[in-house]
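Undergrad: Output the structure for:
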Amino acid sequence: MSSKTLYYAHDPMCSWCWAFRPTWSSIVEHLPGDVQAQRLLGGLAPDSDAPMPPDMQRYLQQTWQRIQQVVPGTRFNFAFWERCQPRRSTYPACRAVLAAGAQDPAQEEAMILAIQEAYYLGARNPADTATLVELGAGLGLDAARFAADLDAPHTRQALDRQIALTRRLGVHGFPGLVLEEGGRYRPVAFDYNEPLSVLAQLQA
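TA: Residues are numbered from 1 along each chain as shown. Reported below is the predicted structural model:
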């Protein structure tokens, strides 16, 4: 039986990826036996210490509201916009996923969820190193090693490789799905509210 890979390009601070989380989980749970899933960190926004411009803040708040209409049941804590100093910077959160996985591959998924819940439900800012280190400690990771790995050259290089692969796959927005079979790649259309459309394409 030939093996296929379903690549899932995402960013832990992508609000549409947060909305897609339940459907993606169901897709993974019901994958055909010849398909393996592989996550790719696409890197939404590079490191930046600059405050997010007011117009960008308004745009993202409107995006959260739109997501709640398009994907019912998706929860957001809008207190984030009053409590935190938003920055357009998601690479640190992406590196946190890699730093967690360096200690235990199973912790990558746990870190993604921890970042999403902190950001979207807890009104905490995963663009801040202090927040990420607290999340790592909360997962039981070696906090000193995690903090060192967050900005280490090998972590930055690992993220660069995943971002480069995401771009080679032709993914221009997140979330994105691409199926690899026999060295050939094709995008996979999806519905935010149900997994069946993806599973049908995988079984075709």
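
Undergrad: so where do the helices sit in this structure?
TA: According to DSSP state H, the chain carries its helices in the segments 15-29, 54-70, 80-83, 91-103, 107-120, 129-138, 143-150, 153-168, 196-203.

Undergrad: how about the ones you listed in TSV, adding mean pLDDT and distance to Val188?
TA: Backbone N, C-alpha and C define where each C-beta goes, glycine included. Listed next are the helices of the chain as TSV, based on pLDDT from 0 to 100; distance: least, Cβ to Cβ, whole Å:
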stretch	mean pLDDT	distance to Val188
helix 15-29	98	10
helix 54-70	98	19
helix 80-83	98	31
helix 91-103	98	22
helix 107-120	98	20
helix 129-138	98	30
helix 143-150	97	32
helix 153-168	98	14
helix 196-203	93	6
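
Undergrad: To Leu177, which of those lies closest?
TA: In terms of Cβ to Cβ, the element of the helices of the chain nearest to Leu177 is helix 196-203, at 6.7 Å.

Undergrad: Other residues contacting that closest one?
TA: 4, 6, 27, 30-32, 35, 177, 179, 188-191 (Cβ atoms under 8 Å, 6 or more residues apart in numbering).

Undergrad: Buried among the residues you listed? Make that a PyMOL selection.
TA: Here is the PyMOL command that selects the buried residues among the contacts of helix 196-203 (16 or more other Cβ atoms under 10 Å):
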select buried, resi 6+27+31+35+177+179+188+190
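
Undergrad: List the ones among the contacts of helix 196-203 that fall in strands.
TA: Where those overlap with strands, as defined by DSSP state E, the overlap consists of Lys4, Leu6, Val35, Leu177, Leu179.

Undergrad: In a markdown table, list those along with distance to Arg66.
TA: As requested, the ones in strands among the contacts of helix 196-203 are exported to a markdown table (distance: Cβ to Cβ, whole Å):
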| residue | distance to Arg66 |
| --- | --- |
| Lys4 | 33 |
| Leu6 | 27 |
| Val35 | 31 |
| Leu177 | 21 |
| Leu179 | 28 |
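
Undergrad: Looking at those residues, spot the one nearest Gln107.
TA: Leu6 (21.7 Å).

Undergrad: you'd agree the closest one is up against Val35?
TA: Yes: contact criterion Cβ atoms under 8 Å: Leu6 and Val35 qualify, at 5.5 Å.

Undergrad: shared neighbours of those two, which are they?
TA: By Cβ under 8 Å, 6+ apart, Leu6 and Val35 have these common neighbours: Leu179, Leu202.

Undergrad: follow-up on the earlier one: so which of the helices of the chain gets nearest Asp47?
TA: helix 91-103 (5.0 Å).

Undergrad: Contacts for the closest one, please.
TA: Defining contact as Cβ under 8 Å, 6+ apart, one finds that helix 91-103 is touched by 11-13, 41, 43, 45-47, 107-108, 110-112, 115, 126-129, 132, 135-136, 139, 141-142, 145-146, 149-152, 155-156, 158-159, 162.

Undergrad: Could you rerun that using 7 Å?
TA: Under the criterion Cβ atoms under 7 Å, 6 or more residues apart in numbering, residues 11-13, 41, 43, 45-47, 107-108, 110-112, 115, 126-127, 129, 132, 136, 139, 141-142, 145-146, 149-150, 155-156, 158-159 lie in contact with helix 91-103.
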